[in-house]
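S.K.: Predicted model follows, preceded by the sequence.
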Amino acid sequence: MRAWPALILAPVFALAAQIVGYALVTPACQHAKAWPIHLSFVLFFALCVATTLAAWASLRTAHREFIPLAAVWSGAFFSVVVLVQWVAMFIVSPCMHSP
């Protein structure tokens, strides 16, 4: 059953993206390089999309469709959450209030 990662890991990846993004702000602003923050969001977005695609493949071969369908929607939702977190970084600079 390949649906469970999108149900369990996609929300964990979205939360981890937020935590790692906040943790990388101080070092990124000290060195005036934001690429580590961007890299972390790309990594977590790719992980969310990968779990969603696995759930989608499980949905296509499922006999009972509720769990795979819920997994696809969960994975898609949290993929969008990570994407919106990353887009917000382009709108509001992470180093806006740095000296």
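M.R.: Yep, it's here. Residues are numbered from 1 along each chain as shown.
S.K.: The longest helix that the chain contains - contacts with which helices or strands?
M.R.: For the chain, the longest helix by residue count, based on DSSP state H, is helix 4-31. Packing contacts for helix 4-31, counted by 3 or more CB pairs under 8 Å, 6 or more residues apart in numbering; DSSP states H and E, involve helix 35-60, helix 66-91. In this view, the C-beta of every residue, glycine as well, is placed from N, C-alpha and C.
S.K.: got the angle for that helix vs helix 35-60?
M.R.: Interaxial angle of helix 4-31 relative to helix 35-60 (axes from the mean of the first three to the mean of the last three CA atoms, to 10 degrees): 170 degrees.
S.K.: Enumerate the positions of helix 4-31 that are buried.
M.R.: Within helix 4-31, the residues that count as buried by 16 or more other CB atoms under 10 Å are 5-7, 9-11, 13-14, 16-17, 20-21, 24-25, 28-29.
S.K.: what's the answer for stretch 44-64, then?
M.R.: The neighbour-count check on stretch 44-64 (16+ other CB under 10 Å) flags 44-45, 47-52, 54-56, 58-59, 62 as buried.
S.K.: got a list of what P36 touches?
M.R.: P36 is in contact with L24, P27, A28, counting by CB atoms under 8 Å, 6 or more residues apart in numbering.
S.K.: Look up how far I91 lies from it.
M.R.: P36 sits 19 Å away from I91, taking CB to CB, to the nearest Å as the criterion.
S.K.: go on, L24?
M.R.: 18 Å.
S.K.: hang on, the earlier thing: which two among the buried residues of stretch 44-64 are spaced furthest apart?
M.R.: F44 and A62 (26.4 Å; CB to CB).
S.K.: Now do the same contact list for L9.
M.R.: So L9 contacts L47, T51 (CB under 8 Å, 6+ apart).
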